[in-house]
Structure formats: structure tokens, C-alpha cells
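J.: Model the structure of this input:
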Amino acid sequence: MSGTHHQLLYHLVFSTKNRKPYLQPQTRKEMFEYLGGTIKGLDGIPLIVGGWVDQVHLLVKLKTTHCLSDFMRNLKACTSKKFNEESGMLQKFGWQDGYGAFTVGRSQLGHVTRFIEKQEQHHSKETFEQEYVRLLELCEIP
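T.: Residues are numbered from 1 along each chain as shown. As a prediction, this is how the structure comes out:
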């Protein structure tokens, strides 16, 4: 068989610097749109972009040529630059160092999509830290 066949789906999670609630409704909408466009610009496919006031959840499809750490560094750099320099909306905006990257199988796609869509409901019951620890435990990541 010739060619390379793959399906690299990732649930990516990261927070605002010091978990500050920068992503209020209007800012969040703009940020999520910009994140989606930036993902496309980095040659990825955004399946869903969501989150809450202090965090982002992405479901993305990447290519085998992507280096995940480079992709994330570029994504965070582009979006923080935009919201610091171009929009003037958020002064001293930044992303927390690090991120969570969870592989997603095709059978999990619907579940992860719904999880990202319902971030507002999730965070009426648990903090970002609680949610993130639960994700780590669910994926058996120490």
C-alpha cells in the first residue's frame, strides 16, 4: 500500500495566564473565532473551539507533519499577540505555560464534542483545576 493514512485528533486544553477570567462573552467569541482561523492558518482543522472565562478546549485534526509542541507554541503566540497588540481589548493578556493534549478516537468524537460545547454547564459545578485533574485521571496520565 502506498501513501500515508492517518487520523490524528486531539483534545487540547490550556488556560489563561494565572487563570484570569479574560475570556468574557464578547472577548470569548472573538478569541474562539480567531483561534479557529489560526488553527487553519497553521494547516490544522478545527473541529470545535470552546471553553470558559479562563480556559480553552479545542478539538483539532492535525497532520503527521505537525509537531504538537511547535503547533501549540505558534497557536498561543499568534493569539496572544493579536489580543495584546491588534485588538486593544485585553492588556497584558497571555496564556499559561503548558497545555494538555489528549488523543481522541473516532468513537469518542461525539462525547468530546459535547463536552466542549457544554463548558459553561461544567463550570457551574467544578473549577478548571478539578476538570483538568479529572481529564488526566480519565486518560490515565500521571
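
J.: low pLDDT regions in the protein?
T.: When the per-residue scores of the chain are filtered using pLDDT under 70, the ranges that remain are 1, 86-91, 123.

J.: Check which helices and strands the lengthiest helix in it is in contact with.
T.: The longest helix of the chain (DSSP state H) is helix 25-41. Here helix 25-41 touches strand 45-52, strand 55-62, helix 68-81, going by 3 or more C-beta pairs under 8 Å, 6 or more residues apart in numbering; DSSP states H and E. C-beta: built from backbone N, CA, C; applies to glycine.

J.: and the longest one, how far from the chain's centre?
T.: Average the C-alpha atoms of helix 68-81, do the same for its chain, and the two points are 11 Å apart (C-alpha atoms, centre = their mean, to the nearest Å).

J.: Please point out which parts of that helix sit buried.
T.: By neighbour count on 16 or more other C-beta atoms under 10 Å, the buried set for helix 68-81 is Phe71, Met72, Leu75, Lys76, Cys78, Thr79, Ser80.

J.: ok, the first one touching Leu42?
T.: Yes: under the contact definition of C-beta atoms under 8 Å, Phe71 touches Leu42, with a separation of 5.9 Å.

J.: In TSV: the buried residues of helix 68-81, plus distance to Glu137.
T.: Supplementary listing: these in TSV, determined by distance: C-beta to C-beta, whole Å:
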residue	distance to Glu137
Phe71	25
Met72	22
Leu75	26
Lys76	25
Cys78	31
Thr79	28
Ser80	29
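
J.: Would you mind giving the secondary structure of Asn18?
T.: When the structure is split into helix, strand and coil by DSSP: H, G, I helix; E, B strand; the rest coil, Asn18 lands in helix.

J.: and the residue lying closest to it once chain neighbours are set aside, how many neighbours?
T.: Of all residues beyond its chain neighbours, the one nearest Asn18 is Gln96 (7.2 Å), with distances taken as C-beta to C-beta, 6 or more residues apart in numbering. A count of nearby residues for Gln96, using other C-beta atoms under 10 Å, gives 15.

J.: Good, we can wrap up now.
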